[in-house]
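Engineer: my questions are about this predicted structure, shown below with the sequence.
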Amino acid sequence: MHILLIEDHKSLTLAITAMLSAHTVHHAGTFVAATDALANVRPKFDFVVSDIMFPGKFITDPPEPLGLEIAELCQEMAIPFLLMTGSESLFDQAIDRHYCVLRKPFGMDTLLDVVEMEG
């Protein structure tokens, strides 16, 4: 599976990438990098795993809840996705929109199960 991982924390990026090592994982750490990858990387992604809070243009920008916009893009592009957040309010927003979301912290086995089931 060809997976786009959108995460701005290096340690979590490395852990998730290692857990998904059976797949091809492309990483984006900002909203601009993620939307560019969604628009231009071929073949098209089979699945997207995205944090909800991450920077807009530069990795040094303050985090914003841009993962909700990524989810909307994925729906428009018919790409299955999984959101991740440690924020209770953002978790509730994602659930209210009927998005697939994991609350941080979560077990890596749980992440792998969701990716393989949903993707």
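Structural biologist: Received it, and whenever you're ready, just let me know what you need. Numbering: from 1, shown residues only.
Engineer: hey, what's the most centrally placed residue in the chain bridged with?
Structural biologist: By CA atoms, centre = their mean, the chain has its centre lying nearest to Ser50, at 1.2 Å. With DSSP bridges applied, Ser50 shows beta-bridge pairing to Ile6, Leu83.
Engineer: could you report the pLDDT at it?
Structural biologist: Ser50 carries a pLDDT score of 98 in this model.
Engineer: for Ala34, see how far away it is.
Structural biologist: Ser50 is 7 Å from Ala34, where distance means CB to CB, to the nearest Å. Backbone N, C-alpha and C define where each C-beta goes, glycine included.
Engineer: okay, and the common contacts of the two?
Structural biologist: Both Ser50 and Ala34 are contacted by Leu4, Ile6, Ile70, under the criterion CB atoms under 8 Å, 6 or more residues apart in numbering.
Engineer: what's the burial count for the first one?
Structural biologist: Which is Leu4. Residues lying near Leu4 (other CB atoms under 10 Å) number 25.
Engineer: which residues are contacting the helix or strand that it is a member of?
Structural biologist: Per DSSP states H and E, Leu4 falls inside strand 2-6. The contact list for strand 2-6 (CB under 8 Å, 6+ apart) reads 13, 16-17, 20, 23-29, 34, 37-38, 41, 43-51, 54, 67, 70, 115, 119.
Engineer: OK, contacts around the spatially closest residue to Ile70 that is not a sequence neighbour?
Structural biologist: Nearest non-adjacent residue to Ile70, counting by CB to CB, 6 or more residues apart in numbering: Ser50, 4.8 Å away. Shown in contact with Ser50 (CB under 8 Å, 6+ apart): Leu4, Leu5, Ile6, Glu7, Ala34, Gly67, Ile70, Ala71, Phe81, Leu82, Leu83, Met84.
Engineer: could you dump these to JSON lines with distance to Lys104 and pLDDT?
Structural biologist: Listed next are the contacts of Ser50 as JSON lines, based on distance: CB to CB, whole Å; pLDDT from 0 to 100:
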{"residue": "Leu4", "distance to Lys104": "19", "pLDDT": "98"}
{"residue": "Leu5", "distance to Lys104": "14", "pLDDT": "98"}
{"residue": "Ile6", "distance to Lys104": "14", "pLDDT": "98"}
{"residue": "Glu7", "distance to Lys104": "11", "pLDDT": "97"}
{"residue": "Ala34", "distance to Lys104": "18", "pLDDT": "97"}
{"residue": "Gly67", "distance to Lys104": "12", "pLDDT": "97"}
{"residue": "Ile70", "distance to Lys104": "16", "pLDDT": "97"}
{"residue": "Ala71", "distance to Lys104": "16", "pLDDT": "98"}
{"residue": "Phe81", "distance to Lys104": "16", "pLDDT": "97"}
{"residue": "Leu82", "distance to Lys104": "12", "pLDDT": "97"}
{"residue": "Leu83", "distance to Lys104": "10", "pLDDT": "98"}
{"residue": "Met84", "distance to Lys104": "6", "pLDDT": "98"}
